[in-house]
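Undergrad: okay, predicted coordinates and the sequence, questions at the end:
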Amino acid sequence: MRQAIGGLTVALAVVTLASCGATRPSKYYQLEFPAAPPMASSHDPYLVGLLVGRLTAPHLFREDRIVYRTGPGQMGTYDYHRWAEPPTEMIEAALVRMLRDSGHYRTVQHLQSSARGDYIVRGRLQELEELSGKSLGARVTFVIELYEIKSGTTVWSEHYSQDEPVNGKTVADVVDALNRNVQHGLEQAVGGINQYFAAHLQK
C-alpha cells in the first residue's frame, strides 16, 4: 500500500510540474493595405450610396486561426498563429476603405439597420489559406456582388481566385503573400464596380 501511495504522489508531482511549464506565446497578424493616393479636387462622384454588407464564409474563415491546406479535402489550423480579427471583418473593412478612397460615390457605409443607400456590396470569402507542399503558396478565393436595392437584383458580380507564391518559409511570409493576394483581388473588384457605374450611370 505504501508503494502505491508513493507512486501516486510521484505521478501527481509530474502533472503539476508539467502544468507549470512555460507556454508557447501566440502570434497575431493583420491584413494591412497601403493608403490610396489622394483624389483630384475636381473629381465628381456618382450620386449613389453604397452599403457594404457582411462577408459570409465557411466556419474556418470566420475564426481567428490561420488555415493551411495539405491536400485535396485536407485542412488544418495553426494553434499559435492567429488573425488579430476574423478575416471576413478585415476584408470588409478594407473594401469599405477602398471604395471610399476611390472618391466615386456619394456615400460608402457599413450595412446597418439605420444606414440608407442605393446598392449593397456583398460577398463570400471561400478560401484564405496557406498551401503546403514542395513550395508554399497563399490561396485567396472570394465572390463580390453588387445588389441594386430598388430593383431587387444583382447587377454585377466577380469571382476572384488566385494562388500567390510565398517568398520565404515562415507563417509571417505566408501572411505577407495572403495580404498581397487579398489586396490584388479587392483592387480588381473595386475596379469592376467602378466600371459598372461608369457604363450605366452619368455623373
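TA: Noted; the coordinates are in hand.

Undergrad: report the buried residues of the helix or strand where Arg54 lies.
TA: Remark: Arg54 resides in strand 46-56, with elements defined by DSSP states H and E. Neighbour counts over strand 46-56 (16 or more other CB atoms under 10 Å) mark 46, 48-53, 55 as buried. Quick note: C-beta positions are derived from backbone N, CA and C, even for glycine.

Undergrad: so where do the strands sit in the protein?
TA: Counting by DSSP state E, the segments of the chain that form strands are 27-29, 46-56, 65-71, 74-83, 105-110, 119-131, 137-148, 153-165.

Undergrad: tell me the contacts of Asp163?
TA: Counting by CB atoms under 8 Å, 6 or more residues apart in numbering, Asp163 touches 131, 137-139, 181.

Undergrad: picking up where we left off before, show me what the strand holding Arg54 is packed up against.
TA: The contact analysis (3 or more CB pairs under 8 Å, 6 or more residues apart in numbering; DSSP states H and E) places strand 46-56 against helix 87-102, strand 105-110, strand 119-131.

Undergrad: separation between the residue nearest the centre of the chain and Ser102?
TA: Geometric centre of the chain, nearest residue: Pro87, 3.3 Å, by CA atoms, centre = their mean. Separation of Pro87 from Ser102 (CB to CB, to the nearest Å): 23 Å.

Undergrad: which residue, other than its chain neighbours, is closest to Tyr147?
TA: Here the nearest residue to Tyr147 in space, its sequence neighbours aside, is Ile120; by CB to CB, 6 or more residues apart in numbering that works out to 4.4 Å.

Undergrad: run through the bridge partners of that neighbour.
TA: In this structure, Ile120 has the following beta-bridge partners (DSSP bridges): Leu51, Tyr147.

Undergrad: run a quick neighbour tally on it.
TA: Taking other CB atoms under 10 Å as the neighbour definition, Ile120 ends up with a count of 17.
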